[in-house]
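Engineer: 3D, please:
(one chain, ligands or ions: 1)
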Amino acid sequence: MSRFRFSSLFQSSSASTADAETKKQNRRSFSALTTLRQKDAETNGAPAPAPQVAKAETASEQSPSRMVALAQQITKATEKLETYMKANNLPMPSFDADAPADFPGLPADVQQNRQDIIVAAKELSMLAHGPRETVRWGIWEFTDVLALTVINHYGLAKLVPVDSTITLDELQGKTTLDRINLARVLRLAMTNGIFREPSPGVIAHTAASRVLAEDEDMQAWVGFNGEDIFRASGHVLQSLRADPEATSLTRAGFQYAFDTVDKEPMFVTFGKDPVRARRMGRAMASLTGGEGYEPSYFVDVEKGGYDFSDLDAAGGTFVDIGGSHGFMCVALAEKYKNMKFVVQDLQKTVDSAPSPLSDDPQVAERISLVPHDFFTEQVTKDADVYFFRWVMHNYSTPYAVRILKNLVPALKPGARVVINDYCLRDAGQENPWDERVVRRMDVVMLAVLNAQERTEEEFRALFAAAGDGFVFKVRFSFFGFCFVCGVVLWVTWEGKGFAD
Ligand SMILES: C[S@@+](CC[C@H](N)C(=O)[O-])C[C@H]1O[C@@H](n2cnc3c(N)ncnc32)[C@H](O)[C@@H]1O
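Structural biologist: Next up, the predicted model:
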């Protein structure tokens, strides 16, 4: 492996050090990593991590060894996935340029096989690398971001023909990048399956680089992450040193990166720059167009969604606060034929919404889209449900409490506040796939907004700080891969008073 060659340039390694290292490795256990699919008794039975190994065994005591057990798990899950794909005449997973970029919709058990492969393969890879090398090369993940950012910024994927090849020299003639820089970013990306070099100096697409060429939302996602979030992340230390509590919307890494400290929140900066704002919008569309983020997970009761039948029978009102262009209300209105809906968002967002919101007049006529700033008092009084989807995680506690306090004057007894957001569990309780996604999102929130993902306790604390009439009713999560799109927290208002 190149890493061994590389490290040998810097240090000599004696046999005795190697022996000592081998002995140390043999004493190590990775039991803390064994978190697959434990039943979550509080939820609707969604697959969750298996119990962690309680007793730390040495590697030599394990039978079979952890590595072999993981390899067997991978084989078993892969065989099941392959059997399903073959039985249903589906193409086998491939990075060939003409291969599909996505898996088709899979039944829950096969989807679980996929997840098991990903999680077990990661752990096996870590064991094979060893702890020290895992840390050493883990910190270099930013180089992948850097290469992808350059490739995306210069639109290189669009310059490579989809059905044939191009030489580096020809490609260089189509961009302002110099040949060395062009080659180095492409060749690094190739190590992640993005582009390939079928013969020296000849570049061709893989299915992954083709996505970058053809999917404008993905280009926006890479651009937003590489040019905005990545840069903000590089300034988080500065932000934390200045404000260890990290709650201000105008003193996050983002502001230090773009010279807007104490001037404006990120959303305001983007509001002044239509190109960046559009990029962020499309990036969000790319994220929410991904697996597991569909509105159906909230709408379909059989997928674990929220059942509004009682409200529908009573012709109740549902308010989607920060609801963007109202796609959640459209999905709900298609299912529930009597409920009324109010979508609230900032004036600019309201102005840019399509009209009508739905081609179905029976749906469109029951949805009103109104400008409302959630940092001011709620204007739609006495509704039955006030819904926040992916809003709370954009704000640190002082701001989130303010948003909830602004609801209080509008709440009638029994009104429901429904939060559809991430909900962090204790470390190691989530399946490793979802855990990694939410922990990453949590840190992205820190970098750009000084905001955060929350545990159930932290959500409860927000409501407790906003008023003592809130009663926490239930928390439930969706199934399988879609956990990342949210947990629903349902809180009612019993109006016992208002804590200032
Ligand atoms: C992360 S997006 C979530 C959008 C939508 N709820 C969803 O599930 O995709 C946050 C939304 O809050 C809106 N927003 C930001 N600040 C706001 C404010 N002060 N008042 C109302 N809406 C706001 C944004 O325009 C955006 O549509």
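Engineer: interface residues of the chain facing the ligand?
Structural biologist: 267, 288, 322-324, 345-346, 349, 373-375, 389-391, 394 (Cβ under 6 Å from any ligand atom). For glycine as for every other residue, the C-beta is placed from the backbone atoms N, C-alpha and C.
Engineer: which residues of the protein fall in strands?
Structural biologist: 166-167, 196-199, 202-204, 317-321, 340-345, 367-371, 385-389, 416-421, 470-477, 487-493 (DSSP state E).
Engineer: Reformat these as JSON lines; add mean pLDDT.
Structural biologist: As requested, the strands of the chain are arranged in JSON lines below (pLDDT from 0 to 100):
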{"stretch": "strand 166-167", "mean pLDDT": "98"}
{"stretch": "strand 196-199", "mean pLDDT": "98"}
{"stretch": "strand 202-204", "mean pLDDT": "98"}
{"stretch": "strand 317-321", "mean pLDDT": "98"}
{"stretch": "strand 340-345", "mean pLDDT": "97"}
{"stretch": "strand 367-371", "mean pLDDT": "97"}
{"stretch": "strand 385-389", "mean pLDDT": "94"}
{"stretch": "strand 416-421", "mean pLDDT": "90"}
{"stretch": "strand 470-477", "mean pLDDT": "76"}
{"stretch": "strand 487-493", "mean pLDDT": "73"}
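Engineer: Turn these into JSON lines, including mean neighbour count.
Structural biologist: Formatted as JSON lines, the strands of the chain follow (neighbours: other Cβ atoms under 10 Å):
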{"stretch": "strand 166-167", "mean neighbour count": "15"}
{"stretch": "strand 196-199", "mean neighbour count": "13"}
{"stretch": "strand 202-204", "mean neighbour count": "19"}
{"stretch": "strand 317-321", "mean neighbour count": "24"}
{"stretch": "strand 340-345", "mean neighbour count": "24"}
{"stretch": "strand 367-371", "mean neighbour count": "18"}
{"stretch": "strand 385-389", "mean neighbour count": "24"}
{"stretch": "strand 416-421", "mean neighbour count": "22"}
{"stretch": "strand 470-477", "mean neighbour count": "17"}
{"stretch": "strand 487-493", "mean neighbour count": "21"}
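Engineer: returning to that earlier point: please indicate which of the residues of the chain next to the ligand has the highest neighbour count?
Structural biologist: Ranked by the number of neighbours (other Cβ atoms under 10 Å), the residues of the chain next to the ligand place Gly323 first, at 27 neighbours.
Engineer: Make sure that one is actually in contact with Leu332.
Structural biologist: No. Applying Cβ atoms under 8 Å, one finds Gly323 not in contact with Leu332, separated by 10.7 Å.
Engineer: coming back round to it: turn the strands of the chain into CSV, columns for distance to Asn450.
Structural biologist: Shown next, in CSV, are those (distance: least, Cβ to Cβ, whole Å):
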stretch, distance to Asn450
strand 166-167, 44
strand 196-199, 41
strand 202-204, 41
strand 317-321, 21
strand 340-345, 22
strand 367-371, 26
strand 385-389, 19
strand 416-421, 17
strand 470-477, 25
strand 487-493, 22
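Engineer: And those strands: which comes nearest Ile151?
Structural biologist: strand 202-204 (11.1 Å; Cβ to Cβ).
Engineer: That closest one pairs with which strands?
Structural biologist: strand 166-167 (antiparallel), strand 196-199 (antiparallel) (DSSP bridges).
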